[in-house]
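Colleague: sharing a model that was predicted from the sequence below.
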Amino acid sequence: MALISSEEIQAFLLPHDDLWQIRAAERAYWFGDYSWDTLLHLPVYPLFVQLVNVTGLPLRIGTELVYCLGACLLVVALWRLGTGVFWALAAAVATFFQPASFPFPNRVGAEVLLAALLMLALAGSLTWWSRRAESPCWWQILGTSLWWALAWNVRKESILLLGVLGCFGLCLLLADRRDGLRAVAKRMFLGVGAPLVLSLAMASAIAAANHARWGLSATSILTAPGYKAAYKALQSIPPERPLRFISVPVEVRNKAYEASPRFGRLRPYFDGDIGKSWAGISKSSFTDPIGMTGLAEMEIANGWFYWALHDAVVASGHGKTPAQENEYLQKVAEQIRKAQKKGLLGYRWVPIAMLEPDWGLWLPGLPGSLRVVAGFLTTPTVVPRMVTDDPASGPVCDLFDQVANRRPSLTRPAEGEEGVAARPVPWTKAVQFWWQGIYLAAAGWATWALILIIPAWAWMVIRGERLPAYSVAVVVFAAAVAGRIAFFALLDATAWQAQPRYLYPVMPIYGALLVLAVAAVVRAAGELWLFLRPHFRFMSSRS
């Protein structure tokens, strides 16, 4: 706690991101009148912010407490798996003092809470794994399933957790296959099925609550059936000149205006201020030389057309309620599909909404995106300066103060002081910056252990040695990290430039993964030495 004593929530005037979370928390998500931004995101994080607000704790402190709880339980779970005290303590250092955990929670974003929830969920599953041969503790299973459900519903990319649970189930199947089909099936339900069922049940409950309050059976307006159908329909119209990062260029929109009268009603907004705003953001957000700045004025990249479509419908007056917007966009999709069946529009297959259908445009750039996104795991994040609000956030600073319970001493200049940024850099920042250098240097060396762990474990299997009990943690942690890297690398290659904060949920887990990899390689090296030592003695005796 001492190391984050100078950290505080930053105010950002970002209506679709930080500011939305604060506003949603202020109205406890389901209360207040419906407006254009009411259902942009999921409710778990805003409700967490509201809960912390009720306690009177600063949000920054409340977030840190949940993070520390997750890290503590994860380390205990690893110790129960037989890592030993030394490696458990090393994992504690790698998770508790992950450098990114100092600055990133200063943002109001669901990824901040996901980092803690993911550690809590994995800690529960690994604790259950170490006791799975005993009689099931239903409270522990329910608690673990609840952490998984919260993690599943805190952000929209919940499909990534399905891969983690799948790897956990595979490990269970391989480890217990000799115990009989009935025992394995029971454990699969308790360890994988229960978390998945509760996760889907919570998603259904959120959709039901949205339907009861707003008339929309979806977890958000951007995951509603009508929105996804319209987006896929627009993507399915093939452009004559395909553009990377832009699945629905101006050329396609012009064709859709003619084919769909309902979409045609949105033309004044795509050609007006809304379109210009999102096109400008598209160009300014790409800093590498990929040609975005040279595109036509009104071209909107995939990562922002996602928002522009919603904004245009609302501005046209057809999004006064989420049910109305969903129905309107469903009709847009139907009209486009009808025109395609009549041969008035071309058609191309769109397997996944928002993913660029022309794979040839982005596949060559995917390896580079993978390198960039994976590099975020070792990117310096701590800067030796005071945390200050975004310069444009003046009108909403009071709202951030109120909802996040921000400490005035850290956000407001004292009497006679020019500003917070003019203060001397506190000792905590210096320590964070110094520790970051040590941590990243150690992580760089430990990364080699991840490469060596495969031949190390292969050697142990060849010799008939059992893999360490904590090998399940290595597999599951690696699945969580690799899945998130792949997902955001795909977005980086097709929609917008990824940012380090989107990888933050797996950064603490990655630190623990490196520790376990080093432990496994050290153990395998010891086994190799025991195997080779007699041969060295024999050779020395002959000489």
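Modeller: Thanks, I have the structure now. Numbers count the residues shown, from 1 in each chain.
Colleague: contact partners for Thr83?
Modeller: Shown here is Thr83, whose contacts under the criterion CB atoms under 8 Å, 6 or more residues apart in numbering are Ala91, Pro468, Tyr470, Leu516, Ala519. For every residue, glycine as well, the C-beta is placed using N, CA and C.
Colleague: pick out the most distant pair among those residues.
Modeller: The distance between the two most remote of those (CB to CB) is 13.6 Å, for Ala91 and Pro468.
Colleague: between these two, who's got more neighbours?
Modeller: Using other CB atoms under 10 Å, the more surrounded residue of Ala91 and Pro468 is Ala91, with 27 against 21.
Colleague: what does the pLDDT read for that one?
Modeller: As summarised for this prediction, Ala91 has a pLDDT of 93.
Colleague: okay, now the domains of this protein?
Modeller: 2-215+375-528, 237-348 (automatic domain parsing).
Colleague: chain center to the first one, what's the gap?
Modeller: Its chain's average C-alpha position is 8 Å from that of domain 2-215+375-528, according to CA atoms, centre = their mean, to the nearest Å.
Colleague: that older thread, quick one, which of the domains of the chain gets closest to Leu355.
Modeller: domain 2-215+375-528 (6.1 Å).
Colleague: turn the domains of the chain into TSV, including distance to Ser369.
Modeller: Compiled in TSV, those are given as follows (distance: least, CB to CB, whole Å):
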stretch	distance to Ser369
domain 2-215+375-528	4
domain 237-348	11
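Colleague: go through those and name the closest to Gly226.
Modeller: domain 237-348 (3.7 Å).
Colleague: between the contacts of Thr83, which is nearest Pro367?
Modeller: Nearest to Pro367, judged by CB to CB, of the contacts of Thr83 is Leu516 at 27.1 Å.
Colleague: unless I'm mixing things up, the closest one is touching Ala469, no?
Modeller: No: using CB atoms under 8 Å, Leu516 is not in contact with Ala469, being 11.0 Å away.
Colleague: quick check: pLDDT value at the residue nearest to Thr411 when sequence neighbours are not counted.
Modeller: In space, and not counting its chain neighbours, Thr411 is closest to Glu8: 5.7 Å by CB to CB, 6 or more residues apart in numbering. Reported pLDDT at Glu8 in the predicted model: 84.
Colleague: between Leu516 and Ala469, who's got more neighbours?
Modeller: Per other CB under 10 Å, whichever of Leu516 and Ala469 has more neighbours is Leu516, with 27 against 16.
Colleague: select from the contacts of Thr83 every entry located in helices.
Modeller: The helices, defined by DSSP state H, take in Ala91, Leu516, Ala519 from the contacts of Thr83.
Colleague: kindly indicate which of those lies nearest Leu165.
Modeller: Distances from Leu165 to the ones in helices among the contacts of Thr83, taken as CB to CB, are shortest for Leu516 (19.3 Å).
Colleague: now do the contacts for that closest one.
Modeller: Contacts for Leu516 were tallied using CB under 8 Å, 6+ apart; they are Leu78, Thr83, Trp87, Ala91, Tyr470, Ala473, Val474, Phe477.
Colleague: on the three-state scheme, the third one is what?
Modeller: With DSSP: H, G, I helix; E, B strand; the rest coil as the basis, Trp87 sits in helix.
Colleague: just give the closest residue to it, not the sequence neighbours.
Modeller: Nearest to Trp87 is Ala519, by CB to CB, 6+ apart, at 4.4 Å.
Colleague: quick one: contacts for that neighbour?
Modeller: Contacts for Ala519 were tallied using CB under 8 Å, 6+ apart; they are Thr83, Gly84, Trp87, Ala90, Pro468, Tyr470.
Colleague: next one: the third one, what pLDDT does it get?
Modeller: So that's Trp87. pLDDT recorded at Trp87 is 90.
Colleague: what's the local residue count around it?
Modeller: Neighbours of Trp87 using other CB under 10 Å come to 23.
Colleague: one step back: surely the residue nearest to Thr411 meets Arg406?
Modeller: Yes: counting by CB under 8 Å, Glu8 touches Arg406, with 5.7 Å between them.
Colleague: just to revisit the earlier point, quick one: the residue nearest to Trp87 from Trp278, how far?
Modeller: 48 Å (CB to CB, to the nearest Å).
Colleague: quick revisit: looking at the contacts of Thr83, which gets the smallest pLDDT?
Modeller: The member of the contacts of Thr83 with the lowest pLDDT is Pro468, at 75.
Colleague: need phi/psi at that one.
Modeller: Main-chain torsions, Pro468, degrees, to the nearest 10: phi -60, psi 150.
Colleague: list the contacts of it.
Modeller: Pro468 is in contact with Gly82, Thr83, Ala519, Ala520, Arg523, counting by CB under 8 Å, 6+ apart.
Colleague: kindly reformat these as JSON lines containing distance to Ala259.
Modeller: Output for the contacts of Pro468, formatted as JSON lines (distance: CB to CB, whole Å):
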{"residue": "Gly82", "distance to Ala259": "63"}
{"residue": "Thr83", "distance to Ala259": "61"}
{"residue": "Ala519", "distance to Ala259": "60"}
{"residue": "Ala520", "distance to Ala259": "58"}
{"residue": "Arg523", "distance to Ala259": "64"}
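Colleague: where does pLDDT dip in the chain?
Modeller: 1-2, 285-296, 383-387, 392, 413-425, 459-465, 526-543 (pLDDT under 70).
Colleague: try it again at 50.
Modeller: Along the chain, the parts satisfying pLDDT under 50 run over 287-289, 293.
Colleague: just give the closest residue to Gly264, not the sequence neighbours.
Modeller: Counting by CB to CB, 6+ apart, Gly264 lies nearest to Tyr257, which is 4.2 Å off, once chain neighbours are set aside.
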